[in-house]
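Visitor: pasted the sequence and its predicted model underneath.
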Amino acid sequence: MEFRRVTSQEFHLSLVKQEAGTTEAFHVIDLDIFAISYFTGEKYMLGFIYPKIRFGLNVPCDRLEDETSAKRTLRDVPWDKMKLDIVITLYPLRCFDNGSEGALSLKLNIEPHWAMYNWARIARALLEKEAESYLKWLMSRYGPVDAVKIVGESASSTPLN
């Protein structure tokens, strides 16, 4: 899949212009995240991958995303008195004989009238905010977890598989 390089503002505008039944992939360069959007015509299914926060586990690559999925309902997102259902998981980056390394990722669905909000910025803030509690959840499930936050390196220099 080829990722189109956009700013967070361009990402926001791309959602509004996206046609039903299409999938688009983006590298949001000012936020250093990757985004995938599938628009059904009735909802956007959004996925955001943040390769600067990574976790290593003893879970095979082919099961990493499913086994590390944590569903949550957030309050006051994207604004006061609203709620948002999300899934935090790991997107496989590297596979090893006895485990894998995955980038922190976020999945959410929104209705078309919510596309006007800057979901790339919201997602990046949520990924940063939820990383520590997600790490604790992973450790309670799997025991020791390798965790890394990459500082000072662009996500474009850490390409997705």
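Guide: Looks like it arrived, so ask away.

Visitor: how about low-confidence regions in this protein?
Guide: For the chain, the stretches with pLDDT under 70 are 151-161.

Visitor: now do 90
Guide: Counting by pLDDT under 90, the chain contains low-confidence ranges at 1, 12, 76-82, 97-98, 116, 143-144, 146-161.

Visitor: so for the longest helix belonging to it, what gets flagged as buried?
Guide: Ranked by residue count and defined by DSSP state H, the top helix of the chain is helix 119-142. Of the residues in helix 119-142, those buried under the neighbour-count criterion (16 or more other Cβ atoms under 10 Å) are 119-124, 126-127, 130-131, 134, 137-138. Where you see a C-beta, it was placed from the backbone N, CA and C, and this is true even at glycine.

Visitor: now do the helix or strand that it is followed by: everything it contacts.
Guide: Stepping forward along the backbone from helix 119-142, the first helix or strand reached (DSSP states H and E) is strand 146-149. Applying Cβ atoms under 8 Å, 6 or more residues apart in numbering, the set of residues contacting strand 146-149 from outside is K52, I53, R54, F55, G56, L57, E101, A131, L135.

Visitor: which of those residues count as buried?
Guide: For these, buried by 16+ other Cβ under 10 Å: K52, I53, R54, F55, G56, L57, E101, A131.
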